[in-house]
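*Asks:* Predicted model, plus sequence, below.
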Amino acid sequence: QVQVVESGGGLVQAGGSLRLSCAASGRTYSTRAMGWFRQEPGKEREVVAAIRWSGGSTYHADSVKGRFTISRDIAKNTVYLQMNSLKPEDTAVYYCAVSRGYGSAWYEGRWYEYWGQGTQVTVSS
């Protein structure tokens with residue numbers, strides 16, 4: 001099993017920045033990718049960004065390109081999401097997840113097995 005714990009959410013004004021962290025523990029040797037997803041009340045979950053564990057290639061959703069950056073620290077089994085130029089529409093619960101294997105569209109949530117409890121990000125206008 002893999003345990004996933006997010007941290008770093010909070011309340012910030014529009015234009016501000018936040019950095020989310022996600023630490024994985026347990027059977028992390030099988031990690032192939034980690035990702036950040038978000039969900040607003042009444043809406044479907046959407047992928048924000050993802051990173052492959054080997055090689056470090058990344059995916060960022062169009063809505064966050066140029067503002068958010070995903071990165072990883074393999075030694076710490078940790079992934080980060082640096083969020084700059086935050087907008088009110090970025091308000092959501094942000095979830096971190098771990099994938100042990102994937103096919104096409106590797107950043108899609110269907111490939112991610114282990115999920116954290118989520119951390120709230122609120123951006124005020």
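*Replies:* Cool, got the structure. Numbers count the residues shown, from 1 in each chain.
*Asks:* C-alpha from now on. contacts and neighbour counts both.
*Replies:* Noted.
*Asks:* what's the helix or strand hosting residue 3 in contact with?
*Replies:* Residue 3 is part of strand 2-7, with elements assigned from DSSP states H and E. With CA atoms under 8 Å, 6 or more residues apart in numbering as the test, strand 2-7 has contacts from 20-28, 95-98, 114-119.
*Asks:* Next one: the most centrally placed residue in the chain from residue 106, what distance?
*Replies:* By CA atoms, centre = their mean, the mean C-alpha position of the chain lies nearest to residue 36, the distance being 1.6 Å. Computed with CA to CA, to the nearest Å, the distance linking residue 36 and residue 106 is 13 Å.
*Asks:* Residue 94 now?
*Replies:* For residue 94 relative to residue 106 (CA to CA), the value is 19 Å.
*Asks:* Look at those two and report which has more neighbours.
*Replies:* Using other CA atoms under 10 Å as the criterion, residue 94 and residue 106 rank with residue 94 on top: 25 against 20.
*Asks:* what sits against that one?
*Replies:* Contacts for residue 94 (CA under 8 Å, 6+ apart) come out as 36-39, 118-121.
*Asks:* Distance to residue 56 and secondary structure for the residues you listed - can I get that in JSON lines?
*Replies:* Listed next are the contacts of residue 94 as JSON lines, based on distance: CA to CA, whole Å; DSSP: H, G, I helix; E, B strand; the rest coil:
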{"residue": "36", "distance to residue 56": "15", "secondary structure": "strand"}
{"residue": "37", "distance to residue 56": "18", "secondary structure": "strand"}
{"residue": "38", "distance to residue 56": "21", "secondary structure": "strand"}
{"residue": "39", "distance to residue 56": "25", "secondary structure": "strand"}
{"residue": "118", "distance to residue 56": "23", "secondary structure": "coil"}
{"residue": "119", "distance to residue 56": "24", "secondary structure": "strand"}
{"residue": "120", "distance to residue 56": "26", "secondary structure": "strand"}
{"residue": "121", "distance to residue 56": "25", "secondary structure": "strand"}
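*Asks:* Closest to residue 72 out of these?
*Replies:* Set against residue 72, the nearest of these by CA to CA is residue 36 (11.8 Å).
*Asks:* bridging residues for the residue lying closest to residue 19 once chain neighbours are set aside?
*Replies:* Nearest residue to residue 19, sequence neighbours excluded (CA to CA, 6 or more residues apart in numbering): residue 82, at 4.5 Å. Going by DSSP bridges, residue 82 is paired in beta bridges with residue 19, residue 69.
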